[in-house]
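Q: here's my sequence, what's the structure:
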Amino acid sequence: MKIRAIPLKTPFLKTATEKPLSWKLLAATFFGVGLIRKAPGTFGSLVAMLVLLLPQQYIFPALLFGIFIGSAVSFSAISAAEEEWGSDSGRIVIDEAVGMWIVLLHPATQHSFLWAIIAFALFRVFDILKPWPINLLNKKEGPFFVLADDILAGIFSLVSIGLAFKIFF
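A: Have a look, this model is predicted:
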């Protein structure tokens, strides 16, 4: 089953194509979020945070499920998206979702709006600035590396949240 591309041209969405949007491209764009024209990675990270709206007892299992399934699907989805749009296209945001879910594994982010915002900000800083060794992964091509740099940014953010939580509490 194929889903048609969004047939809109707006200042917020990248120009849609007439070609059907396959499940792989839908997954790579994190259900179309990557088609947002401005800051698609930031929006992908924000949408990934919606998991925090689940009832408390379901958040942690949902995060683990999302990380596992998102990572597994990413390789095929990112490959298809890179064939369609080029290497590490800005439209590919499933990797941002997986990285954001990693940082949200810290219990403080699941119980406090402030800590969730701090986690989001840290993840975006690590993802955008790409300090060493994240930058080494980002320089390499292929689906594994597209996902790996965001996983590492998520881990750096998770460790940073853990340290900050220990210092302040």
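Q: looking at the chain, which helix or strand is least sure?
A: Least confident helix or strand, the chain: helix 134-138 with a mean of 92, by mean pLDDT, DSSP states H and E.
Q: who does that one touch, helix- and strand-wise?
A: Using 3 or more C-beta pairs under 8 Å, 6 or more residues apart in numbering; DSSP states H and E, the elements in contact with helix 134-138 are helix 143-168. (C-beta placed from N, C-alpha, C; glycine too.)
Q: rewinding a little: pull out the buried positions in the least confident helix or strand of the chain.
A: Neighbour-count burial for helix 134-138, counted by 16 or more other C-beta atoms under 10 Å, picks out Ile134, Leu137, Asn138.
Q: in stretch 24-39, what counts as buried?
A: Using 16+ other C-beta under 10 Å as the test for burial, stretch 24-39 gives Lys24, Leu25, Leu26, Ala27, Ala28, Thr29, Phe30, Gly32, Val33, Gly34, Leu35, Ile36.
Q: tell me the centre residue of the protein?
A: Residue closest to the average C-alpha location in the chain (C-alpha atoms, centre = their mean): Glu96, at 1.7 Å.
Q: for Ala81, state which of the buried residues of helix 134-138 is nearest.
A: Ranked by distance to Ala81 (C-beta to C-beta), the buried residues of helix 134-138 are led by Asn138 at 16.5 Å.
Q: that closest one touches Lys130, doesn't it?
A: Yes: between Asn138 and Lys130 a contact is recorded at 5.2 Å, counting by C-beta atoms under 8 Å.
Q: which stretches of the chain have low pLDDT?
A: Scanning the chain for pLDDT under 70 picks out 1-19.
Q: picking up where we left off before, the least confident helix or strand of the chain: how far from the chain's middle?
A: Here helix 134-138 shows a centroid-to-chain-centroid distance of 16 Å under the convention C-alpha atoms, centre = their mean, to the nearest Å.
Q: which residue comes closest to Phe165 once chain neighbours are left out?
A: Nearest residue to Phe165, sequence neighbours excluded (C-beta to C-beta, 6 or more residues apart in numbering): Ala108, at 5.1 Å.
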